[in-house]
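1. Pasted the sequence and its predicted model underneath.
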Amino acid sequence: MPALPACLLEPLWDQLAALLPVLEEFAVGHPLGCRSPGDLVSDGFQGRPAHLLQEFRRNAFNVQVGQTLLGETGRIRVWEIRLAPGERVPAHRHVLDYFWTAITGGRSRQHTDEGPTREVEYHPGENRHFSFRPGQYLLHDLENTGPTPLVFTTVEFKDSPNAPLPLGS
């Protein structure tokens, strides 16, 4: 899908932002930066295969936080993640404040570079907001562990405390 021009994306963003509920800011001190992080499966790197550890090292600065970049302006990047059952998005780094919205419900497994692995359940329309202080980041992957497709829209804010890293890093 081609990227939307800024003249179309900015008014859409303003309309979407007006519809979103005002939520408390979530601290990144929690591995997933959210208040309802799901079930802790492991608290370290136990059972994590070598190929996954290598992927996290290799992708330490991968800032492609979705599969498809739907649009980008001077203020935002809008991504789509669409995972079939069993499909996963490789490790990627979040440095910008962002939120995601679940378009469909389902379950995922997420590993972080700090060690914890969690299984999380999502409901259609659910959203979570993440904020980062200077120098903070979140490095994680995402695997669809449910029986149906899992779809998210993620919006990153380029005016965050951390400068945007170039795509393709």
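-> Arrived safely, thanks for sending. Residues are numbered from 1 along each chain as shown.
2. so residue 53 is in which element?
-> Secondary structure from DSSP states H and E places residue 53 in helix 50-58.
3. Can you tell me the centre-most residue of the chain?
-> The structure's the chain has its C-alpha centroid closest to residue 65; by Cα atoms, centre = their mean the separation is 5.8 Å.
4. That residue against residue 90, yeah?
-> No. Taking contacts as Cβ atoms under 8 Å, residue 65 lies outside contact range of residue 90: 10.9 Å. Just so you know, the C-beta spots here come from the backbone N, C-alpha and C atoms, and that holds for glycine as well.
5. so where's the protein uncertain?
-> 1-37, 41, 169 (pLDDT under 70).
6. Counting by contacts, list what the helix holding residue 53 packs against.
-> If contacts are counted by 3 or more Cβ pairs under 8 Å, 6 or more residues apart in numbering; DSSP states H and E, helix 50-58 sits against strand 88-94, strand 138-144.
7. Just checking: what are the partner strands of whatever helix or strand residue 156 lives in?
-> In the assignment (DSSP H and E), residue 156 maps to strand 150-157. Strand pairing for strand 150-157, using DSSP bridges, gives strand 76-83 (antiparallel), strand 98-102 (antiparallel).
8. With just CA atoms, put the shortest one into CSV.
-> Taking only C-alpha atoms (Å, rounded to 0.1, in the frame of the first residue of the first chain), the coordinates of strand 98-102 have been written out as CSV:
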residue,chain,number,x,y,z
TYR,A,98,3.7,5.8,20.6
PHE,A,99,0.4,4.0,21.0
TRP,A,100,-1.1,1.0,19.3
THR,A,101,-4.6,0.0,18.7
ALA,A,102,-5.7,-3.6,18.3
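9. Which residues does the helix holding residue 53 contact?
-> Contacting residues not belonging to helix 50-58 are listed as 45, 90, 91, 111, 113, 139, 141 [Cβ atoms under 8 Å, 6 or more residues apart in numbering].
10. Next, give phi and psi for residue 158.
-> Note on residue 158: backbone dihedrals following degrees, to the nearest 10 are phi -70, psi -10.
11. Keeping just the C-alphas, turn the strand holding residue 156 into PDB.
-> Extracted in PDB, the C-alpha atoms of strand 150-157 (Å, rounded to 0.1, in the frame of the first residue of the first chain):
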ATOM      1  CA  LEU A 150      -3.900 -10.400  14.800                       C
ATOM      2  CA  VAL A 151      -3.900  -6.800  13.400                       C
ATOM      3  CA  PHE A 152      -2.600  -3.600  15.000                       C
ATOM      4  CA  THR A 153      -2.200   0.000  14.000                       C
ATOM      5  CA  THR A 154       0.800   1.800  15.700                       C
ATOM      6  CA  VAL A 155       1.300   5.500  15.700                       C
ATOM      7  CA  GLU A 156       4.800   6.900  16.700                       C
ATOM      8  CA  PHE A 157       5.300  10.500  17.700                       C
END
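12. Fine by me, we can end here.
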